[in-house]
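Here's my sequence, what's the structure:
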Amino acid sequence: MQELTRQIIKQGYFAKNNKGSDKLSTVAEVMNQIKNDKIGSIYLILGKERYCSEEIKNALLGKLSPQEKEFNSSIYDMEETPLASALNDAMSVPFFGDRRIVIVNNPYFLTGEKKKNKVEHDIDGLLKYLEYPLETTTLVFIAPYEKLDERKKVVKTLKKVADVVENQPLKEIQVRQIINQRLKKNGLSIEPKAFDTLMERTNAEISLAMNELDKLILLCKDEQVISEAEADRMISRSLEQNVFDLVALVLSRNTQKSIEMYHDLLLSKEEPIAINAILIGQFRLLLQVSILKRHGFSQGSITTALKIHPYRVKLALRTVQKFQQEDLKNAYLGLVKVEKRLKSTDQDPELLFQLFMLQFCQHAA
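Numbering: from 1, shown residues only. Have a look, this model is predicted:
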(Lines give C-alpha, C1' and ligand atoms only; values in the text may rest on other atoms or scores of the structure.)
Protein backbone atom coordinates (compact mmCIF):
# COMPACT_ATOMS: atom_id res chain seq x y z
CA MET A 1 0.00 0.00 0.00
CA GLN A 2 2.84 2.42 0.84
CA GLU A 3 4.52 1.66 -2.50
CA LEU A 4 1.24 2.31 -4.34
CA THR A 5 0.86 5.64 -2.53
CA ARG A 6 4.40 6.67 -3.54
CA GLN A 7 3.67 5.79 -7.17
CA ILE A 8 0.47 7.83 -7.16
CA ILE A 9 2.33 10.82 -5.68
CA LYS A 10 4.94 10.57 -8.46
CA GLN A 11 2.16 10.51 -11.06
CA GLY A 12 0.88 13.82 -9.73
CA TYR A 13 -2.52 12.80 -8.39
CA PHE A 14 -1.44 13.90 -4.92
CA ALA A 15 0.54 17.02 -4.15
CA LYS A 16 2.30 17.72 -0.87
CA ASN A 17 0.33 20.38 0.98
CA ASN A 18 2.69 23.23 1.82
CA LYS A 19 0.02 25.82 2.44
CA GLY A 20 1.38 26.59 5.91
CA SER A 21 -1.25 29.18 6.75
CA ASP A 22 -4.05 29.29 9.31
CA LYS A 23 -5.54 32.57 8.05
CA LEU A 24 -9.25 32.87 8.75
CA SER A 25 -11.60 33.57 5.86
CA THR A 26 -15.10 35.00 6.11
CA VAL A 27 -18.12 33.24 4.66
CA ALA A 28 -18.50 36.07 2.12
CA GLU A 29 -14.88 35.71 0.97
CA VAL A 30 -15.20 31.97 0.46
CA MET A 31 -18.54 32.30 -1.35
CA ASN A 32 -16.95 34.82 -3.71
CA GLN A 33 -13.98 32.53 -4.35
CA ILE A 34 -16.28 29.61 -5.15
CA LYS A 35 -18.33 31.82 -7.47
CA ASN A 36 -15.11 32.66 -9.35
CA ASP A 37 -14.08 28.97 -9.51
CA LYS A 38 -11.24 29.43 -7.03
CA ILE A 39 -11.96 26.27 -5.08
CA GLY A 40 -9.62 24.92 -2.43
CA SER A 41 -8.70 21.31 -1.65
CA ILE A 42 -9.59 21.39 2.05
CA TYR A 43 -12.04 23.57 3.98
CA LEU A 44 -12.71 23.77 7.70
CA ILE A 45 -15.99 25.60 8.36
CA LEU A 46 -15.85 26.39 12.06
CA GLY A 47 -18.87 27.76 13.92
CA LYS A 48 -22.54 27.24 14.63
CA GLU A 49 -24.21 29.35 11.91
CA ARG A 50 -25.93 26.47 10.09
CA TYR A 51 -27.42 28.63 7.35
CA CYS A 52 -23.98 29.85 6.24
CA SER A 53 -22.39 26.40 6.29
CA GLU A 54 -25.30 25.14 4.16
CA GLU A 55 -24.77 28.03 1.73
CA ILE A 56 -21.09 27.12 1.31
CA LYS A 57 -21.91 23.43 0.91
CA ASN A 58 -24.59 24.14 -1.70
CA ALA A 59 -22.30 26.56 -3.57
CA LEU A 60 -19.62 23.87 -3.84
CA LEU A 61 -22.08 21.17 -4.90
CA GLY A 62 -23.58 23.65 -7.36
CA LYS A 63 -20.30 23.59 -9.27
CA LEU A 64 -21.06 19.99 -10.27
CA SER A 65 -23.46 19.04 -13.03
CA PRO A 66 -26.36 16.71 -12.07
CA GLN A 67 -24.42 13.74 -13.46
CA GLU A 68 -21.22 14.77 -11.68
CA LYS A 69 -23.12 15.28 -8.44
CA GLU A 70 -24.46 11.74 -8.60
CA PHE A 71 -21.02 10.17 -8.98
CA ASN A 72 -18.67 12.71 -7.41
CA SER A 73 -20.30 14.04 -4.26
CA SER A 74 -20.88 12.47 -0.88
CA ILE A 75 -21.84 13.56 2.62
CA TYR A 76 -20.78 11.77 5.81
CA ASP A 77 -21.86 12.25 9.42
CA MET A 78 -18.99 11.47 11.77
CA GLU A 79 -21.42 10.67 14.58
CA GLU A 80 -22.63 7.69 12.53
CA THR A 81 -19.97 6.83 9.95
CA PRO A 82 -16.23 6.06 10.31
CA LEU A 83 -13.85 8.70 9.00
CA ALA A 84 -12.18 6.02 6.87
CA SER A 85 -15.26 5.93 4.60
CA ALA A 86 -14.92 9.63 3.84
CA LEU A 87 -11.16 9.34 3.33
CA ASN A 88 -11.57 6.45 0.90
CA ASP A 89 -13.97 8.59 -1.08
CA ALA A 90 -11.64 11.59 -0.93
CA MET A 91 -8.78 9.49 -2.31
CA SER A 92 -10.83 8.34 -5.31
CA VAL A 93 -10.35 9.95 -8.71
CA PRO A 94 -13.61 11.59 -9.93
CA PHE A 95 -15.79 9.84 -12.53
CA PHE A 96 -17.16 11.73 -15.55
CA GLY A 97 -15.88 15.04 -14.21
CA ASP A 98 -12.95 17.06 -12.93
CA ARG A 99 -13.72 17.31 -9.21
CA ARG A 100 -15.02 15.23 -6.33
CA ILE A 101 -16.61 16.93 -3.30
CA VAL A 102 -16.65 15.15 0.07
CA ILE A 103 -18.55 16.74 2.97
CA VAL A 104 -17.70 15.68 6.53
CA ASN A 105 -20.36 16.75 9.03
CA ASN A 106 -19.94 16.83 12.83
CA PRO A 107 -16.21 15.97 13.09
CA TYR A 108 -16.40 15.80 16.87
CA PHE A 109 -12.97 14.16 17.01
CA LEU A 110 -11.59 17.68 16.50
CA THR A 111 -13.04 18.71 19.87
CA GLY A 112 -12.67 17.42 23.41
CA GLU A 113 -16.20 16.02 23.25
CA LYS A 114 -16.77 12.39 24.24
CA LYS A 115 -19.51 10.38 22.56
CA LYS A 116 -21.33 7.45 24.20
CA ASN A 117 -21.76 5.56 20.95
CA LYS A 118 -18.25 6.22 19.81
CA VAL A 119 -17.45 5.56 16.15
CA GLU A 120 -13.89 4.48 15.40
CA HIS A 121 -12.10 7.17 13.38
CA ASP A 122 -8.81 6.79 11.51
CA ILE A 123 -7.05 9.96 12.67
CA ASP A 124 -3.66 8.76 11.42
CA GLY A 125 -5.20 8.23 7.99
CA LEU A 126 -6.52 11.78 8.04
CA LEU A 127 -3.10 13.18 8.98
CA LYS A 128 -1.55 11.34 6.04
CA TYR A 129 -4.23 12.65 3.70
CA LEU A 130 -3.75 16.22 4.93
CA GLU A 131 -0.07 15.96 4.00
CA TYR A 132 -0.86 14.73 0.49
CA PRO A 133 -4.44 15.73 -0.45
CA LEU A 134 -5.82 14.67 -3.82
CA GLU A 135 -5.85 17.72 -6.09
CA THR A 136 -9.13 16.71 -7.73
CA THR A 137 -10.95 16.40 -4.38
CA THR A 138 -12.46 19.14 -2.24
CA LEU A 139 -12.74 17.84 1.32
CA VAL A 140 -15.00 19.95 3.54
CA PHE A 141 -15.19 19.66 7.34
CA ILE A 142 -18.33 21.32 8.72
CA ALA A 143 -17.60 21.75 12.43
CA PRO A 144 -20.61 23.31 14.26
CA TYR A 145 -18.61 24.07 17.39
CA GLU A 146 -17.49 27.21 19.21
CA LYS A 147 -13.94 25.91 19.45
CA LEU A 148 -11.75 22.91 18.74
CA ASP A 149 -9.24 21.13 20.95
CA GLU A 150 -6.12 23.04 19.94
CA ARG A 151 -3.91 20.54 21.76
CA LYS A 152 -4.65 17.81 19.24
CA LYS A 153 -2.18 17.23 16.44
CA VAL A 154 -4.98 16.69 13.94
CA VAL A 155 -6.48 20.10 14.78
CA LYS A 156 -3.13 21.88 14.46
CA THR A 157 -2.44 20.18 11.14
CA LEU A 158 -5.91 20.76 9.72
CA LYS A 159 -5.90 24.47 10.63
CA LYS A 160 -2.47 24.79 9.05
CA VAL A 161 -3.37 23.27 5.67
CA ALA A 162 -7.08 24.06 5.28
CA ASP A 163 -8.98 27.16 4.25
CA VAL A 164 -10.45 27.93 7.68
CA VAL A 165 -13.83 29.66 7.42
CA GLU A 166 -15.01 31.67 10.42
CA ASN A 167 -18.69 30.77 10.64
CA GLN A 168 -19.82 32.94 13.55
CA PRO A 169 -23.36 34.31 14.11
CA LEU A 170 -24.22 37.07 11.68
CA LYS A 171 -24.87 40.59 12.89
CA GLU A 172 -28.39 41.93 12.58
CA ILE A 173 -27.44 44.22 9.69
CA GLN A 174 -26.05 41.22 7.78
CA VAL A 175 -29.21 39.21 8.41
CA ARG A 176 -31.33 42.10 7.16
CA GLN A 177 -29.19 42.37 4.01
CA ILE A 178 -29.62 38.67 3.22
CA ILE A 179 -33.38 38.89 3.77
CA ASN A 180 -33.63 41.95 1.53
CA GLN A 181 -31.76 40.07 -1.19
CA ARG A 182 -34.18 37.13 -0.92
CA LEU A 183 -37.19 39.48 -1.02
CA LYS A 184 -35.82 41.31 -4.07
CA LYS A 185 -35.25 38.00 -5.83
CA ASN A 186 -38.91 37.11 -5.21
CA GLY A 187 -40.25 40.54 -6.19
CA LEU A 188 -41.47 41.35 -2.68
CA SER A 189 -41.03 44.12 -0.14
CA ILE A 190 -41.65 44.16 3.60
CA GLU A 191 -43.09 46.83 5.87
CA PRO A 192 -40.57 48.16 8.45
CA LYS A 193 -42.62 46.98 11.45
CA ALA A 194 -43.06 43.56 9.84
CA PHE A 195 -39.28 43.39 9.41
CA ASP A 196 -38.81 44.28 13.09
CA THR A 197 -41.28 41.55 14.09
CA LEU A 198 -39.32 39.02 12.03
CA MET A 199 -36.07 40.05 13.73
CA GLU A 200 -37.52 40.04 17.25
CA ARG A 201 -39.25 36.67 17.04
CA THR A 202 -36.23 34.93 15.56
CA ASN A 203 -33.61 36.81 17.63
CA ALA A 204 -32.14 37.81 14.25
CA GLU A 205 -30.83 34.25 13.85
CA ILE A 206 -30.47 33.76 10.12
CA SER A 207 -31.61 30.11 9.97
CA LEU A 208 -34.80 30.82 11.94
CA ALA A 209 -35.43 34.07 10.06
CA MET A 210 -35.12 32.43 6.64
CA ASN A 211 -37.49 29.62 7.64
CA GLU A 212 -40.12 32.16 8.69
CA LEU A 213 -39.43 34.28 5.60
CA ASP A 214 -40.14 31.33 3.31
CA LYS A 215 -43.62 31.02 4.85
CA LEU A 216 -44.26 34.74 4.42
CA ILE A 217 -43.12 34.69 0.78
CA LEU A 218 -45.56 31.88 -0.03
CA LEU A 219 -48.39 33.68 1.75
CA CYS A 220 -47.81 37.18 0.38
CA LYS A 221 -46.51 36.56 -3.16
CA ASP A 222 -49.74 37.88 -4.73
CA GLU A 223 -49.82 41.05 -2.60
CA GLN A 224 -46.09 41.71 -3.31
CA VAL A 225 -45.67 43.18 0.18
CA ILE A 226 -45.36 41.55 3.61
CA SER A 227 -47.50 43.55 6.00
CA GLU A 228 -47.12 43.95 9.75
CA ALA A 229 -50.45 42.15 10.26
CA GLU A 230 -49.35 39.11 8.23
CA ALA A 231 -45.99 38.99 9.97
CA ASP A 232 -47.65 39.10 13.39
CA ARG A 233 -50.11 36.38 12.36
CA MET A 234 -47.69 34.02 10.63
CA ILE A 235 -44.38 34.25 12.48
CA SER A 236 -44.46 31.76 15.31
CA ARG A 237 -43.53 32.79 18.84
CA SER A 238 -41.15 30.54 20.74
CA LEU A 239 -41.33 29.97 24.49
CA GLU A 240 -38.20 32.12 24.79
CA GLN A 241 -39.92 34.98 22.97
CA ASN A 242 -43.00 34.75 25.20
CA VAL A 243 -40.82 34.67 28.30
CA PHE A 244 -38.90 37.70 27.02
CA ASP A 245 -42.21 39.57 26.96
CA LEU A 246 -42.95 38.27 30.46
CA VAL A 247 -39.61 39.65 31.67
CA ALA A 248 -40.64 43.11 30.47
CA LEU A 249 -43.93 42.85 32.36
CA VAL A 250 -42.16 41.71 35.54
CA LEU A 251 -39.66 44.56 35.43
CA SER A 252 -42.48 47.03 34.80
CA ARG A 253 -44.14 45.64 37.95
CA ASN A 254 -47.31 44.96 36.03
CA THR A 255 -48.49 42.25 38.42
CA GLN A 256 -51.86 41.57 36.83
CA LYS A 257 -50.60 41.17 33.26
CA SER A 258 -47.56 39.18 34.42
CA ILE A 259 -49.79 36.68 36.24
CA GLU A 260 -52.19 36.51 33.28
CA MET A 261 -49.35 35.79 30.86
CA TYR A 262 -47.87 33.13 33.15
CA HIS A 263 -51.33 31.54 33.34
CA ASP A 264 -51.60 31.57 29.52
CA LEU A 265 -48.22 29.86 29.21
CA LEU A 266 -49.39 27.10 31.55
CA LEU A 267 -52.61 26.74 29.54
CA SER A 268 -50.51 26.26 26.39
CA LYS A 269 -48.93 23.22 28.11
CA GLU A 270 -45.57 24.82 28.85
CA GLU A 271 -43.79 23.25 31.83
CA PRO A 272 -43.41 25.49 34.93
CA ILE A 273 -39.79 24.37 35.39
CA ALA A 274 -39.01 25.29 31.77
CA ILE A 275 -40.69 28.70 32.06
CA ASN A 276 -38.84 29.49 35.28
CA ALA A 277 -35.51 28.28 33.88
CA ILE A 278 -35.81 30.62 30.89
CA LEU A 279 -36.84 33.48 33.19
CA ILE A 280 -33.74 32.88 35.32
CA GLY A 281 -31.59 32.73 32.19
CA GLN A 282 -32.99 36.01 30.91
CA PHE A 283 -32.42 37.84 34.19
CA ARG A 284 -28.93 36.34 34.52
CA LEU A 285 -28.14 37.68 31.04
CA LEU A 286 -29.51 41.11 31.91
CA LEU A 287 -27.39 41.19 35.07
CA GLN A 288 -24.26 40.15 33.17
CA VAL A 289 -24.84 42.76 30.48
CA SER A 290 -25.55 45.45 33.09
CA ILE A 291 -22.34 44.67 34.99
CA LEU A 292 -20.19 44.57 31.84
CA LYS A 293 -21.73 47.80 30.58
CA ARG A 294 -20.85 49.50 33.88
CA HIS A 295 -17.27 48.36 33.36
CA GLY A 296 -17.14 50.07 29.97
CA PHE A 297 -17.66 47.08 27.69
CA SER A 298 -19.05 47.87 24.23
CA GLN A 299 -21.85 45.84 22.62
CA GLY A 300 -19.30 43.89 20.56
CA SER A 301 -17.09 43.22 23.58
CA ILE A 302 -20.08 41.98 25.60
CA THR A 303 -21.04 39.64 22.75
CA THR A 304 -17.52 38.23 22.67
CA ALA A 305 -17.28 37.90 26.45
CA LEU A 306 -20.64 36.13 26.85
CA LYS A 307 -20.39 34.13 23.59
CA ILE A 308 -24.01 34.72 22.63
CA HIS A 309 -25.83 36.02 19.57
CA PRO A 310 -25.26 39.78 19.02
CA TYR A 311 -28.99 40.46 18.73
CA ARG A 312 -29.61 39.12 22.23
CA VAL A 313 -27.00 41.54 23.56
CA LYS A 314 -28.61 44.42 21.65
CA LEU A 315 -32.01 43.68 23.22
CA ALA A 316 -30.47 43.20 26.67
CA LEU A 317 -28.68 46.56 26.46
CA ARG A 318 -31.94 48.20 25.48
CA THR A 319 -33.59 46.67 28.57
CA VAL A 320 -30.89 47.41 31.15
CA GLN A 321 -30.93 51.09 30.22
CA LYS A 322 -34.49 51.30 31.57
CA PHE A 323 -34.06 49.47 34.88
CA GLN A 324 -31.86 49.51 37.96
CA GLN A 325 -29.28 46.76 38.46
CA GLU A 326 -30.71 46.20 41.95
CA ASP A 327 -34.10 45.32 40.41
CA LEU A 328 -32.46 42.82 38.06
CA LYS A 329 -30.66 41.20 41.01
CA ASN A 330 -33.82 41.01 43.14
CA ALA A 331 -35.82 39.45 40.31
CA TYR A 332 -33.06 36.93 39.62
CA LEU A 333 -32.74 35.87 43.28
CA GLY A 334 -36.52 35.66 43.65
CA LEU A 335 -36.79 33.34 40.65
CA VAL A 336 -33.98 31.15 42.01
CA LYS A 337 -36.10 30.68 45.17
CA VAL A 338 -39.11 29.78 43.00
CA GLU A 339 -37.00 27.18 41.20
CA LYS A 340 -35.97 25.56 44.50
CA ARG A 341 -39.61 25.32 45.60
CA LEU A 342 -40.72 23.95 42.23
CA LYS A 343 -38.15 21.18 42.56
CA SER A 344 -38.57 20.40 46.26
CA THR A 345 -42.28 20.93 47.00
CA ASP A 346 -45.72 20.26 45.52
CA GLN A 347 -46.78 23.89 45.74
CA ASP A 348 -48.88 25.25 42.90
CA PRO A 349 -46.53 26.86 40.29
CA GLU A 350 -49.03 29.62 39.61
CA LEU A 351 -49.23 30.48 43.31
CA LEU A 352 -45.43 30.52 43.56
CA PHE A 353 -45.23 32.96 40.65
CA GLN A 354 -47.90 35.19 42.21
CA LEU A 355 -45.95 35.27 45.49
CA PHE A 356 -42.77 36.09 43.58
CA MET A 357 -44.46 39.05 41.87
CA LEU A 358 -45.88 40.37 45.14
CA GLN A 359 -42.51 40.10 46.92
CA PHE A 360 -40.67 41.67 43.98
CA CYS A 361 -43.02 44.64 43.88
CA GLN A 362 -42.93 45.07 47.69
CA HIS A 363 -39.13 44.97 47.71
CA ALA A 364 -39.04 47.87 45.30
CA ALA A 365 -41.71 49.91 47.07
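
show me where the stretch 151-300 of the chain has strands.
163-166, 189-190, 225-226 (DSSP state E, counting those that start in this stretch).

Regarding the chain, what is its longest helix?
helix 272-294 (DSSP state H).

can you give me the mean pLDDT across that helix?
For helix 272-294, the mean pLDDT works out to 95.

next one: stretch 170-184
With pLDDT averaged residue by residue, stretch 170-184 scores 94.

and if you look at stretch 238-247?
Averaged over stretch 238-247, pLDDT sits at 90.

Strand partners (parallel or antiparallel) of whichever helix or strand V104 is part of?
Taking DSSP states H and E as the definition, V104 sits inside strand 100-105. Using DSSP bridges, strand 100-105 pairs in its sheet with strand 73-77 (parallel), strand 137-143 (parallel).

For those, could you give me CSV that also reports distance to D222?
The C-beta positions use only the backbone N, C-alpha and C, and glycine is treated the same way. Shown next, in CSV, are the strands paired with strand 100-105 (distance: least, C-beta to C-beta, whole Å):
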stretch, distance to D222
strand 73-77, 37
strand 137-143, 37
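
what's the most buried one of those strands?
When these are scored by mean count of other C-beta atoms under 10 Å, the highest mean neighbour count falls to strand 137-143 (a mean of 24).

who's in contact with it?
With C-beta atoms under 8 Å, 6 or more residues apart in numbering as the test, strand 137-143 has contacts from 39-47, 53, 56-57, 60, 86, 90-92, 94, 99-107, 110-111, 129, 133, 158, 162.

Filter these down to the buried ones.
39-47, 53, 56-57, 60, 86, 90-92, 94, 99-107, 110-111, 129, 133, 158, 162 (16 or more other C-beta atoms under 10 Å).

if you look at those residues, which of them are in helices?
Counting by DSSP H, the part of those found in helices is 53, 56-57, 60, 86, 90, 129, 158.

Those residues into a markdown table, with extra columns for distance to Q241?
What follows is those, written out as a markdown table (distance: C-beta to C-beta, whole Å):
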| residue | distance to Q241 |
| --- | --- |
| S53 | 25 |
| I56 | 29 |
| K57 | 29 |
| L60 | 34 |
| A86 | 39 |
| A90 | 43 |
| Y129 | 45 |
| L158 | 38 |
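
Check the residues you listed against A305 and report the nearest one.
Each of those was checked against A305 using C-beta to C-beta; the closest is S53, at 24.6 Å.

What residues does I179 make contact with?
By C-beta under 8 Å, 6+ apart, the contact set of I179 is 190, 195, 198, 209-210, 213.

and those, which of them are in helices?
Of those, the ones assigned to helices by DSSP H are 195, 198, 209-210, 213.

Now distance to P82 and pLDDT too, for those residues, in JSON lines please.
Listed next are the ones in helices among the contacts of I179 as JSON lines, based on distance: C-beta to C-beta, whole Å; pLDDT from 0 to 100:
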{"residue": "F195", "distance to P82": "46", "pLDDT": "96"}
{"residue": "L198", "distance to P82": "42", "pLDDT": "96"}
{"residue": "A209", "distance to P82": "36", "pLDDT": "95"}
{"residue": "M210", "distance to P82": "33", "pLDDT": "94"}
{"residue": "L213", "distance to P82": "38", "pLDDT": "96"}
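
Tell me which two of the residues you listed sit farthest apart.
F195 and M210 (13.6 Å).

Verify the contact between Q288 and L306 for me.
Yes - using C-beta atoms under 8 Å, Q288 is in contact with L306, at 6.1 Å.

per-domain residue ranges of this structure.
Domain ranges of the chain: 2-166, 172-234, 239-364, per automatic domain parsing.

Now tell me which of these the model trusts least on average.
Mean pLDDT is lowest for domain 2-166 out of the domains of the chain, coming in at a mean of 87.

Skipping its backbone neighbours, what lies nearest D122 in space?
In space, and not counting its chain neighbours, D122 is closest to A84: 4.5 Å by C-beta to C-beta, 6 or more residues apart in numbering.
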